[in-house]
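Engineer: Following is a predicted model, sequence given first.
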Amino acid sequence: MKKRIDLPQVSDVTLPEVFHLRPGVWILILLAILLIVVIFVCAFLPGIIKGGRYVTFKSPLSESGVILDGTYLGSADHQYFIKSGDHTVTLTKGGVEYATTVVTIDHPVFLTWLFHRTRDITIPVDPLTKAQTEAIIRFDLEEIQMASAILEWTMVTRYAPLYANLAQDLEALGIDAQTRDDAIKFSLYYITTQEMLDDAMGAFGGHRGEKIQAMLTMAQAVINGNASPSPSAAKSPLSATTRQSSLTTDLFTVEGTAYPALTITMGRETERSYPALKEMEVTVTTPPFVLANLPVTLTMWAHFIDENPQWAKSNKEALRQQGLVDSSYLAGLAPSTIFVTSRPVTNISYWAGEAFCAWLSQKSGKEVFLPTEAMFSVAAETHPNLVHHGSLTPSPSSTPPSMLLGGVWEITHTPFIPLARLFDYDEAQDLHTAFALTPSPIVKGGSYLSDSATITAESVGTVPPEACGDQIGVRIAWYE
């Protein structure tokens, strides 16, 4: 048998009473309190600390920005967390604040971290001035204008529905029918890719206007490669009676060639595809004008900046911040009034050229301006034995005007509009003026570095208005 083991005697364990409550009761109460604390911390405290809602601001206009209490928040139609309380919300587009309202956001607290409390807020358009409405339409059209320069859209460079945006804004702004139709017509002049065509067809394919439908049909034929070549207009040598004229100031004299009013066929026979058709033949008419025999020289520019120090090279950074030039303005040049030279000034922009013309108009008492594309073409068509100039030094024996080909690319006053010659060249220029778009000027003539076998008087180039290049210059024109 196993020996019996006697265990020692111990006292019973008894839990103490708390507030005269049995242990089972106060433990239950403690667990309940703990559960309540956990529920409060998990379900209510986050909402109390971070009170507000996730709000989506519904904008009547496309691609609008949201300003919350004076601080830019982001694009409309996106969701943002807005704290509880009263807030001033402003919608903006193209620099125009077109809608302002005060919204009150409540303070939900239960499980807000798990279930987001959302709210959609639609803000109506405030009454706008004519100038504000025009600024918004101009912004839409300039977005389309910039997109037309991209001829291949990829997963990296994505196409945005710009024509759909324009259609939405035209509807929301409630503008008159004539302005609406003009804006639609003008936007179609910038169709250069299949993506833009599809967008335009979706936005305006059901429009009742015959002109708009005809433009869409023509653009579709061009983009899809189904456009039939138009018969080429017979071009005969242009004969016009020209004479020499001059523009005189107290600082220098500009020699020029005077041309009578003329109607010419500008351009060449091309395929009906883009970008070839930007040089297609079109009939244009010019009034009587005088074209300078040479591009603007370094000496002339030196006089200009002497009297207009805001255009001095030392002020380049301020000009760049205003969008008037880029970082190459007058790069490598030191304009001087002491050393007279006939070398063309380069590394100047369209805006700089416009400022020079305005200054020279005041100095001479005549209307001085950058010539149009048509005026350049008139000079080229009437110029005998037009040859490519392979340097920046004018040839003294050249028949004036000199350096129409080669020398420098010459900035014109004409904005580049891709399908202008296909649809209606004059209407395109008129609509560009009516909507006051920022111009991307046409440049003509090539430069001394251009291939003389490919650059002709018909060649069409374009540059941004602030662009400055060492092969870009200007030639002035004026009315007598």
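Structural biologist: Great, that's in hand. Numbers count the residues shown, from 1 in each chain.

Engineer: ok, residue 43 - how many residues close by?
Structural biologist: 15 (other Cβ atoms under 10 Å). No exception for glycine: its C-beta is placed from N, CA and C like everyone else's.

Engineer: Tell me who's in contact with it.
Structural biologist: 110-111 (Cβ atoms under 8 Å, 6 or more residues apart in numbering).

Engineer: For it, which phi and psi angles does the backbone take?
Structural biologist: Per-residue torsions, residue 43: phi -100, psi -30 (degrees, to the nearest 10).

Engineer: Can we start the residue count at 32 from this point?
Structural biologist: Sure, I'll start counting at 32 from here, so that last one is residue 74.

Engineer: And the pLDDT for it?
Structural biologist: On pLDDT, residue 74 comes in at 82.

Engineer: What of residue 129?
Structural biologist: pLDDT at residue 129 comes out at 94.

Engineer: Quick check, it in contact with residue 98.
Structural biologist: No. Using Cβ atoms under 8 Å, residue 129 is not in contact with residue 98, being 11.3 Å away.

Engineer: Which neighbours do these two have in common?
Structural biologist: Joint contacts of residue 129 and residue 98 (Cβ under 8 Å, 6+ apart) are 122-123.

Engineer: helices or strands up against the strand or helix carrying residue 246?
Structural biologist: Per DSSP states H and E, residue 246 falls inside helix 241-254. Secondary-structure packing of helix 241-254 (3 or more Cβ pairs under 8 Å, 6 or more residues apart in numbering; DSSP states H and E): helix 208-219, helix 225-235.

Engineer: For the last one, what does the pLDDT average out to?
Structural biologist: Averaged over helix 225-235, pLDDT sits at 96.

Engineer: now do stretch 79-98
Structural biologist: On average, stretch 79-98 scores 92.

Engineer: For the stretch 282-431 of the chain, which segments are assigned as helices?
Structural biologist: 329-338, 347-352, 381-395, 404-413 (DSSP state H, counting those that start in this stretch).

Engineer: buried residues in the helix or strand hosting residue 56?
Structural biologist: Using DSSP H and E, residue 56 sits within helix 54-70. Of the residues in helix 54-70, residue 57 count as buried by neighbour count, 16 or more other Cβ atoms under 10 Å.

Engineer: Residue 228: what's it in contact with?
Structural biologist: 222, 250-251, 254.

Engineer: quick one: contacts for residue 104?
Structural biologist: 96-98, 111.

Engineer: go again using 10 Å as the cut-off
Structural biologist: 86, 88, 96-98, 111, 113, 120-121 (Cβ atoms under 10 Å, 6 or more residues apart in numbering).

Engineer: now do residue 238
Structural biologist: Per Cβ under 10 Å, 6+ apart, neighbours of residue 238: 198, 211-212, 215-216, 244, 247.

Engineer: do the same with residue 347
Structural biologist: Contacts of residue 347 (Cβ under 10 Å, 6+ apart): 355-362, 499.

Engineer: 6 Å instead, please
Structural biologist: residue 360 (Cβ atoms under 6 Å, 6 or more residues apart in numbering).

Engineer: what pLDDT does it get?
Structural biologist: The model's pLDDT for residue 347 equals 97.

Engineer: And the helices and strands packed on helix 241-254: which comes nearest residue 451?
Structural biologist: Closest approach to residue 451 among those (Cβ to Cβ): helix 208-219, 10.3 Å.

Engineer: where do the strands sit along the stretch 232-381 of the chain?
Structural biologist: For the stretch 232-381 of the chain, the strands defined by DSSP state E, counting those that start in this stretch occupy 274-279, 284-290, 293-297, 313-317, 320-323.

Engineer: so which of these comes closest to residue 369?
Structural biologist: strand 284-290 (18.2 Å).

Engineer: Sheet-wise, list the partners of the closest one with their directions.
Structural biologist: Strand 284-290 has the following sheet partners, assigned by DSSP bridges: strand 274-279 (antiparallel), strand 320-323 (antiparallel).

Engineer: picking that back up, and of the helices and strands packed on helix 241-254, who's closest to residue 322?
Structural biologist: helix 208-219 (29.1 Å).

Engineer: sorry, back to before: and residue 129 and residue 98? which has more neighbours close in?
Structural biologist: It is residue 129, of residue 129 and residue 98, that has more neighbours when counted by other Cβ under 10 Å, with 26 against 16.

Engineer: I'd say residue 131 and residue 123 touch.
Structural biologist: No. Residue 131 is beyond contact range of residue 123, at 9.6 Å (criterion: Cβ atoms under 6 Å).
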